[in-house]
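Asks: Structure, please.
(one chain, ligands or ions: 2)
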Amino acid sequence: MTVSANLSDAIRAAGVVGAGGGGFPTHAKVEGEADTLLANGAECEPLLRSDSAIMRAEPERVIGGLALMRDAVGAERAVLAVKRKNLDGLPELREAAEAAEGIELFVLDNVYPAGDEFLLVYEATGRVVPEGGLPVDVGVVVNNVTTLAQVADAREGRPVTHRFVTVQGEVKRPVTVWAPVGTQLSVLLDAAGGPTLDEYSVIAGGPMMGRLADITEPTDKTLAGIIVLPNSHHLVSVRKETAGHALKIARAACCQCMACTELCPRALLGHDLQPHRTVRAIQHSMEASEHAHVTSAYLCCECGMCELFACPLEIRPRRILSELKAELKRRGVENPHRKTGLDPDAVRQYRQIPSARLLQRLGLSRYDAPAEAAADALSAGRVRLLMRQHIGAAAVPAVEEGDSVLEGDVVGEIPAGALGARVHASVSGDVTRVSASEVVVERR
Ligand code: SF4
Ligand code: SF4
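Replies: Numbering: from 1, shown residues only. Ligands and ions are numbered 1, 2, ... in the order given. The predicted structure is shown next:
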């Protein structure tokens, strides 16, 4: 068996998926060929600290996973990309990288969205991923640093059962906890001393790309953090807006100033995405037509820069593009945008937004706490293990109510022949509920 087949099997067995939010099954990435393996340690979203926590706690595992992936895909270069502000506080990581053979450190500016895969590839290699393409199209495989630590674990037969999750915002003690996958969000809040307000909202994920969540929801393998905010916070209001409202405001107020396009990171990379033109294109109809400025929704990475930073008139181009993308998919309209050989805009480097300025604009500067990792792993009495925590087919429950499981046992299996990921028990205990969508385990 080849090195890559061996590693792919181990990663598949361990249920590793893109931990940075993508959730793509990592074993499928081992099957590509690339000349560069890129570790994404940008920790792009403001306020989240989970990637920093893993790079501080387990630098050798991150570097080890990077070297394993490099060898498996036959890459010549292995690059660990980290933001300057994070690297300054991570001497352990710098030492581990310098001690390892053939690992390059690449220092990223403190800007948003430095962690977008396409931007990261361009920064580290000078190559532009084509429209509608993937990093592997230009010879690069990108993995998040938490994922790489999990790859190193997988090699040793340890499945994904825990991950670091940051709890920030209106909580008494912002913290990053090592939490069993499937922990209820309310348990995370307790670990941070509880909310400081009686009435609050929770954003799951980062402030730019996260979504409103209920505290009874469980964590999954891709959740890096939760942010607690007052109900009156601007970011909460934006997420509560309906698509209809967003459309109405866009039609009534857009002045075609182009600020959204001028700051769009994908447009600056040379992709034919012009959100101001999309807003104009839907002035009369939200129909998912084959108009180029409608189908360009497929080129949007939903970073939120246009609606949360650029637009002076509270218009939501990202929301509109996201709705259009969903509708295009429903109608079976394929992405027609496939341009290659793209040239980034010459002014790109002057249009990157410093993270501190973004925080200020979002009204989040006061929440920018270290949220350092707690000394002990979080103990959850009950976990809800979702069968869909990843891109691809949902896992199929592999246990029955009344079964006893040990931490690390398989509770969800990949359906035969499908792209998917296994799910493992994150605590030892009794299976108390099984449905097509989840398996509940109560700790003994
Ligand atoms: S920034 Fe806002 S007002 Fe300006 S073109 Fe874009 S959506 Fe319209
Ligand atoms: S969300 Fe807005 S800024 Fe980000 S890629 Fe999409 S159109 Fe561009």
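Asks: Can you give me the buried ones in the least confident helix or strand in the chain by mean pLDDT?
Replies: The helix or strand of the chain with the lowest confidence, counting by mean pLDDT, DSSP states H and E, is helix 84-88 at a mean of 85. Neighbour counts over helix 84-88 (16 or more other CB atoms under 10 Å) mark 85-87 as buried. (C-beta placed from N, C-alpha, C; glycine too.)
Asks: and those as JSON lines, adding distance to residue 426?
Replies: JSON lines is the format used below for these (distance: CB to CB, whole Å):
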{"residue": "85", "distance to residue 426": "31"}
{"residue": "86", "distance to residue 426": "27"}
{"residue": "87", "distance to residue 426": "31"}
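Asks: of these, closest to residue 378?
Replies: residue 86 (23.1 Å; CB to CB).
Asks: Which residue, neighbours along the chain excluded, lies closest to the closest one?
Replies: Using CB to CB, 6 or more residues apart in numbering and skipping residues adjacent in sequence, the residue nearest residue 86 is residue 52, 5.3 Å away.
Asks: near ligand 2, which residues of the stretch 151-300 of the chain?
Replies: Proximity of the stretch 151-300 of the chain to ligand 2 (CB under 6 Å from any ligand atom) is limited to residues 264-266, 273, 275, 300.
Asks: Identify the farthest-apart pair in the residues you listed.
Replies: 265 and 275 (11.5 Å).
Asks: quick revisit: which one of the residues of the stretch 151-300 of the chain next to ligand 2 sits in the busiest neighbourhood?
Replies: Of all those, residue 275 has the most neighbours under the rule other CB atoms under 10 Å, reaching 32 neighbours.
Asks: Quick check: whatever residue of the stretch 101-250 of the chain ends up closest to ligand 2 vs residue 328, distance?
Replies: Nearest to ligand 2 in the stretch 101-250 of the chain, going by CB to the nearest ligand atom, is residue 113, at a distance of 7.6 Å. Going from residue 113 to residue 328 by CB to CB, to the nearest Å gives 23 Å.
Asks: who has more neighbours, these two?
Replies: residue 113 (25 against 19).
Asks: and the nearest residue to the more buried one once chain neighbours are set aside, what does it touch?
Replies: Of all residues not flanking residue 113 in the chain, residue 303 sits nearest, at 4.5 Å (CB to CB, 6+ apart). Residues in contact with residue 303, defined by CB atoms under 8 Å, 6 or more residues apart in numbering, are 112-113, 116, 208-209, 265-266, 318.
Asks: mind showing which ranges of the stretch 151-300 of the chain have poor pLDDT?
Replies: 285-288 (pLDDT under 70).
Asks: any chance you could map the helices in it?
Replies: According to DSSP state H, counting those that start in this stretch, the stretch 151-300 of the chain carries its helices in the segments 185-191, 234-240, 243-253, 259-262, 265-268, 275-281, 292-295.
Asks: Is residue 97 in contact with residue 80, as I believe?
Replies: Yes: between residue 97 and residue 80 there is a contact under CB atoms under 8 Å: 5.7 Å.
Asks: between those two, which one's more packed in?
Replies: Higher neighbour count among residue 97 and residue 80: residue 80, with 28 against 24, using other CB under 10 Å.
Asks: Now the closest residue in space to that one that isn't next to it in sequence: which helix or strand?
Replies: Of all residues beyond its chain neighbours, the one nearest residue 80 is residue 39 (4.4 Å), with distances taken as CB to CB, 6+ apart. If you go by DSSP states H and E, residue 39 is part of strand 36-41.
Asks: what about that strand, average pLDDT?
Replies: Computed over strand 36-41, the mean pLDDT rounds to 97.
Asks: The helix or strand just after that strand: which residues count as buried?
Replies: Sequence order places helix 50-57 as the next helix or strand after strand 36-41, per DSSP H and E. Buried residues in helix 50-57, counted by 16+ other CB under 10 Å: 50-56.
Asks: Direction-wise, compare helix 50-57 with strand 36-41 and give the angle.
Replies: 100 degrees (axes from the mean of the first three to the mean of the last three CA atoms, to 10 degrees).
Asks: Contacts made by helix 50-57 with the rest, please.
Replies: 20, 41-43, 61-62, 82, 86, 89-90, 92-93, 144-146, 149, 163-166, 176, 224-225, 372-373.
Asks: just stretch 167-179 next, same as before
Replies: Here stretch 167-179 makes contact (CB under 8 Å, 6+ apart) with 47-50, 52-53, 162-166, 187-189, 191-197, 200, 219, 225-230, 367, 369-374, 376-378, 380.
Asks: In strands, which of the residues you listed appear?
Replies: Among the contacts of stretch 167-179, DSSP state E puts 162-166, 200, 225-230 in strands.
Asks: Now the buried members of those residues.
Replies: Using 16+ other CB under 10 Å, the buried ones in the ones in strands among the contacts of stretch 167-179 are 162-166, 200, 225-229.
Asks: Which single one of the residues you listed is nearest to residue 394?
Replies: Proximity of these to residue 394 was ranked by CB to CB; the top entry is residue 163 with 19.7 Å.
Asks: Which residues does the closest one form beta bridges with?
Replies: Judged by DSSP bridges, the bridge partners of residue 163 are residue 179.
Asks: check contacts around it.
Replies: 19, 50, 146, 150, 178-179, 181, 219, 221, 223-224 are the contacts of residue 163 under CB under 8 Å, 6+ apart.
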